[in-house]
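1. coords below, sequence missing:
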Ligand SMILES: Nc1ncnc2c1ncn2[C@@H]1O[C@H](COP(=O)(O)OP(=O)(O)OP(=O)(O)O)[C@@H](O)[C@H]1O
Ligand SMILES: [Mg+2]
């Protein structure tokens, strides 16, 4: 940590049975200042690991004796934080995906670009160094209660703050997960703001809100005449974000075709505009977010596994607010100040009784719901402190509100379908109101996919 102690030279183990490849890697990586050991098969690699520790392992998957995946496994057993990079000559990435599952950090399909490999080696080693340092850093950071405008003092949030600082500087793709309203957006912006890309654009795209037919042209841009209505060339968001960050929100909503295209961008850092012939290079950092369980989506075949591994390089999970209750009073107080000022009201505090209700409530809509409740309370409050009466009824009612009613067949004529329609209409309207009109969030509150939400919203003409 202390700046006057030089970092030791990273030790690399390169395993490839092809002599020319091995020599080339040795020469190039030595020139980059690493301490490089080479092995021409799996056994030699294992022997080398017996004698020394390596910061990074770069191995071909297909080796004459023991395969590279086995070498990877052995390396991980010896040192969990050895960075492992795999090379494969086969277009099929199945084994590579298997390797990622076993903890490989990345893979290269031969023939690959040597400069890209050098860059990846450097950035993975840098990320590893930061991870190690971070353990020390954490102790220093323990006192921090607010990061950017993100408030929190729960151990989970403190860990997230230091994680954001650590990973911001790396070029790695980040996946931010968590329920709706937990602050994924805020975290994505904080990562960008702390990164070397901070002076370049941060461009956000909600993959769930853009119609599927437009998503591709939004991301990649299009050439004039690419489709009806494309009357001029248009830059896509990836080009607009050049040297900055692209934030792909609700990535779980992306359809299969787009998933393939995105995978290609992440793998090769190049793409083609819709209707275009030229390949465009993309210098972007990608941050993705989702409130879905992507591993489940992968298991169900709704999300590509190879894309998942490409995105899930670093994951930041935001726990629901109910699992970090110590943050609630802090965040509530912050919102109180904000809205009192914004609405020009002299509301200075939250009464003990109101705070007890706020702390006891489950906040299914997380921080966003808390934000809306405080805004409402400040607007309604006629005294200097927020009293329970100004809180939304369901917060005031505590945990014993049951929205589900037991069905009873009414006397006389009854139309079940109309009745069910009415239930849908009411719940969707309420969810939309709670979500501040944002459909993706309303869908989440109802436990619906965005797709079916849209269907019903359209059916009942609700916006
Ligand atoms: N820890 C926090 N401190 C202060 N404000 C927060 C915090 N977390 C979230 N917020 C605020 O709560 C609101 C919701 O956060 P955000 O939009 O980042 O959530 P999200 O996880 O992206 O939700 P969704 O999945 O619905 O898109 C925002 O207004 C944000 O500023
Ligand atoms: Mg969001």
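-> Received the coordinates, thanks. Just so we're clear, the structure is a prediction, and the values are computed from it rather than from any experiment. Ligands and ions are numbered 1, 2, ... in the order given.

2. my read: residue 267 touches residue 310, true?
-> Yes - counting by CB atoms under 8 Å, residue 310 is a contact partner of residue 267 at 6.8 Å. Every residue, glycine included, has its C-beta placed from N, CA and C.

3. neighbour count winner among these two?
-> Higher neighbour count among residue 267 and residue 310: residue 310, with 22 against 16, using other CB atoms under 10 Å.

4. what helix or strand is that one on?
-> Under the criterion of DSSP states H and E, residue 310 resides in helix 305-311.

5. Against residue 381, how distant is residue 391?
-> For residue 391, the distance to residue 381 (CB to CB, to the nearest Å) stands at 10 Å.

6. Residue 237 contacts residue 203, doesn't it?
-> Yes - when contacts are counted by CB under 8 Å, residue 237 is listed as touching residue 203 (4.8 Å).

7. Find residues that contact each of these two.
-> Applying CB atoms under 8 Å, 6 or more residues apart in numbering, one finds that residue 237 and residue 203 are jointly contacted by residue 246.

8. Can you name the next helix or strand after the helix or strand bottoming out on mean pLDDT in the chain?
-> Ranked by mean pLDDT, DSSP states H and E, the helix or strand of the chain with the weakest confidence is strand 146-147, at a mean of 60. The C-terminal neighbour of strand 146-147 among helices and strands, as given by DSSP H and E, is strand 150-151.

9. Domain map for this protein?
-> The chain breaks down into these domains under automatic domain parsing: 11-123, 142-319, 322-400, 416-459.

10. count of neighbours near the closest residue to residue 345 other than its chain neighbours?
-> Distances taken as CB to CB, 6 or more residues apart in numbering put residue 378 closest to residue 345, at 5.7 Å, once the chain neighbours are dropped. Around residue 378 there are 22 other residues, counting by other CB under 10 Å.

11. Enumerate every residue touching residue 378.
-> Neighbours of residue 378 in contact, by CB under 8 Å, 6+ apart: 336, 339-340, 343, 345, 347, 386, 390.

12. what's stretch 445-463 in contact with?
-> Contacting residues not belonging to stretch 445-463 are listed as 180, 208, 250, 253, 364-365, 421, 424-425, 427-429, 431-432, 434-435, 437, 439-440, 442-443 [CB under 8 Å, 6+ apart].

13. redo that, cut-off 10 Å
-> For stretch 445-463, the external contacting residues (CB atoms under 10 Å, 6 or more residues apart in numbering) are 179-181, 206-209, 211-212, 250, 252-253, 292, 302, 364-365, 369, 421-422, 424-432, 434-435, 437, 439-444.

14. Show me which of these are buried.
-> Buried members of the contacts of stretch 445-463, counted by 16 or more other CB atoms under 10 Å: 179-181, 206-208, 250, 252-253, 292, 302, 364-365, 369, 425, 427-428, 431-432, 434-435, 439-444.

15. of those residues, list those near ligand 1.
-> Filtering the buried ones among the contacts of stretch 445-463 for neighbours of ligand 1 using CB under 6 Å from any ligand atom leaves 180-181, 441.

16. Sort out for me which of the residues you listed are in helices.
-> Cross-referencing those against helices under DSSP state H gives residue 441.

17. For the residue with the largest distance to the centre of the chain, which three-state class applies?
-> Here the centre of the chain is the reference, and by CA atoms, centre = their mean the most remote residue is residue 412, at 53.4 Å. Classification of residue 412 by DSSP: H, G, I helix; E, B strand; the rest coil places it in coil.

18. Check it and give its pLDDT.
-> Listed pLDDT for residue 412 reads 70.

19. Report the separation between it and ligand 1.
-> The gap separating residue 412 from ligand 1 is 43 Å, by CB to the nearest ligand atom, to the nearest Å.

20. Show me which parts of stretch 87-107 are buried, residue by residue.
-> Neighbour counts over stretch 87-107 (16+ other CB under 10 Å) mark 87-88, 93, 95-97, 99-100, 104-107 as buried.

21. just the residues you listed now: which is nearest residue 244?
-> residue 106 (22.1 Å; CB to CB).

22. where does the closest one fall, phi/psi-wise?
-> When read as degrees, to the nearest 10, the backbone of residue 106 gives phi -170, psi 170.

23. Residue of this protein closest to ligand 2, please.
-> Closest contact between the chain and ligand 2, by CB to the ion, is at residue 185 (3.9 Å).

24. Tell me which other helices or strands the helix or strand that that residue is a member of touches.
-> Here residue 185, judged by DSSP H and E, is contained in helix 184-193. Helix 184-193 sits against strand 146-147, strand 150-151, helix 155-168, strand 174-178, strand 202-206, strand 245-249, strand 285-290, strand 314-318, with contacts defined as 3 or more CB pairs under 10 Å, 6 or more residues apart in numbering; DSSP states H and E.
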